[in-house]
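Trainee: can't give you the sequence, but here's the structure:
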């Protein structure tokens, strides 16, 4: 594996044209460290070490931004803009899935051999069928009825809804005001 020459050339910051100190690292270098942090769920200090290891393994002569620099510069980076919805009325697909909750309680149960009630949550998603873009999301407790989440999911969508499709768990009686000309095909 190799790093592209263009990426190596873009690692350092461009010369500054305004008064003040010169940045050492480009926004791309800071974003690379932040992506490793997010991908591996690491504190900044550990992300710095991981990036240093990657750079060394690839045999590159690049300096790695320290965790304090990454922290300071991260708040100044431009945010990623939310993608625009597809044109026209949407066909929305709604479904949900269970998510197991891990935490100290799980570890203690494993250590002491007692199993309590397992904790989990439900993630309900509304997706634009044409693009696969998530247009609505709700995280609920395990005992929340799926049908009760149709209205809150559809209320998050700003565009016109032509139709929505859901499995049988979402059968219910949503009000016409919340659906705005949607029809349940599911």
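Mentor: It's in. Please read these numbers as outputs of a predicted model, since none were measured by experiment.
Trainee: which one is residue 127 nearest to, not counting chain neighbours?
Mentor: residue 93 (4.9 Å; CB to CB, 6 or more residues apart in numbering). No exception for glycine: its C-beta is placed from N, CA and C like everyone else's.
Trainee: my hunch is that that neighbour is in a strand, does that hold up?
Mentor: Yes - remark: residue 93 belongs to a strand, assigned using DSSP: H, G, I helix; E, B strand; the rest coil.
Trainee: For residue 16, see how far away it is.
Mentor: Between residue 93 and residue 16 the distance, using CB to CB, to the nearest Å, works out to 48 Å.
Trainee: more neighbours, the two?
Mentor: residue 93 (19 against 10; other CB atoms under 10 Å).
Trainee: I'd assumed residue 129 was in contact with the more buried one.
Mentor: Yes - between residue 93 and residue 129 there is a contact at 5.1 Å, judged by CB atoms under 8 Å.
Trainee: Overlap in contacts, these two.
Mentor: Common contact partners of residue 93 and residue 129 (CB atoms under 8 Å, 6 or more residues apart in numbering): residue 165.
Trainee: so how far is residue 50 from the residue of the chain positioned farthest from its centre?
Mentor: The outermost residue of the chain, judged against the average C-alpha position, is residue 19 (36.4 Å), by CA atoms, centre = their mean. To residue 50, residue 19 is 35 Å away according to CB to CB.
Trainee: Can you give me every residue that contacts the residue lying closest to residue 149 once chain neighbours are set aside?
Mentor: Of all residues not flanking residue 149 in the chain, residue 124 sits nearest, at 4.5 Å (CB to CB, 6+ apart). With contact set as CB under 8 Å, 6+ apart, residue 124 has these partners: 94-96, 137-140, 146, 149, 153.
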